[in-house]
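# What shape does this take:
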Amino acid sequence: MENRYKPGWQRKSSQENSFSNHQGKQPAEKGAPQNSEHKTFQNFRDLKIWQLGKEIVVEVYKITRTLPDEEFHGLTAQMRKTAVSIPCHISEGYSRKTASDYPQRLMAAAGACAELETQIEIAVELNCLKSTICEALMEKTDYETRMLYKLIGKLSENDGRHPDSAGSPRNETNRQTSALVL
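Take a look at the predicted model:
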């Protein structure tokens, strides 16, 4: 079966594209601009907030495997659905590229983060999950929420335009917003 997706959409290894690896600079691709303030985003996959959202999904799937079978249609399904909605809202909003839709979808992703944190706390209180297992996931979810709200704030300062919008001036707000999503 032929791959219908653009080249490079899959990870090459479990270490590649991980949240911790995005803290530092990545080597520039051949022919890519060297100055990050002039980098254009090819699609939503370039967004740090989307990448972290996807990592949250993977972690949620891993920890929900340990939930009791009786929770399969309860907490397990709800936590997985909520986690999946985080990067989905981000990619949907980014793809629409309108002044009102993008921040609105980012707000929905932030709401899903809060929902997921609540579900994790409930699972811990019901002794379905151990708090030590959930700590890293809660930290990632909290960080994701803060990044989402920061991007929403930057977009509102920039009249809702994407940092890569054609014809938008490369001002300080655009550079700051670009740093959030690279």
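# check contacts around C134.
I63, I120, A123, V124 (C-beta atoms under 8 Å, 6 or more residues apart in numbering). Backbone N, C-alpha and C define where each C-beta goes, glycine included.
# Could you rerun that using 7 Å?
C134 makes contact with I63, I120, V124 under the criterion C-beta atoms under 7 Å, 6 or more residues apart in numbering.
# Would you reformat those as JSON lines and include secondary structure and pLDDT?
Shown next, in JSON lines, are these (DSSP: H, G, I helix; E, B strand; the rest coil; pLDDT from 0 to 100):
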{"residue": "I63", "secondary structure": "helix", "pLDDT": "95"}
{"residue": "I120", "secondary structure": "helix", "pLDDT": "96"}
{"residue": "V124", "secondary structure": "helix", "pLDDT": "95"}
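# Please identify, among these, the one with the most neighbours.
Compared across the contacts of C134, I120 has the highest neighbour count, 25 neighbours, by other C-beta atoms under 10 Å.
# distance of that one from C128?
10 Å (C-beta to C-beta, to the nearest Å).
# This structure: helices as residue ranges?
For the chain, applying DSSP state H gives helices covering 48-64, 77-96, 101-125, 131-157, 172-181.
# list the buried ones in the third one?
Taking 16 or more other C-beta atoms under 10 Å as the neighbour-count basis, helix 101-125 is seen to contain the buried residues 102-106, 108-113, 115-117, 119-120, 123-124.
# again, but for the fourth one
Residues of helix 131-157 classed as buried under the neighbour-count rule (16+ other C-beta under 10 Å) are C134, L137, K140, T141, E144, T145, M147, L148, L151, I152, K154, L155.
# least trustworthy helix or strand in the chain by mean pLDDT?
Least confident helix or strand of the chain, by mean pLDDT, DSSP states H and E, is helix 172-181 with a mean of 48.
# For A99, give me the pLDDT.
A99 carries a pLDDT value of 76.
# can you check N158 too?
Looking at N158, the pLDDT reads 76.
# still on that earlier bit, what would the buried residues of helix 131-157 look like in a markdown table with distance to I49 and pLDDT?
Converted to a markdown table, the buried residues of helix 131-157 look like this (distance: C-beta to C-beta, whole Å; pLDDT from 0 to 100):
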| residue | distance to I49 | pLDDT |
| --- | --- | --- |
| C134 | 21 | 94 |
| L137 | 16 | 96 |
| K140 | 11 | 97 |
| T141 | 12 | 97 |
| E144 | 7 | 97 |
| T145 | 10 | 97 |
| M147 | 5 | 97 |
| L148 | 6 | 97 |
| L151 | 6 | 93 |
| I152 | 10 | 93 |
| K154 | 12 | 91 |
| L155 | 12 | 88 |
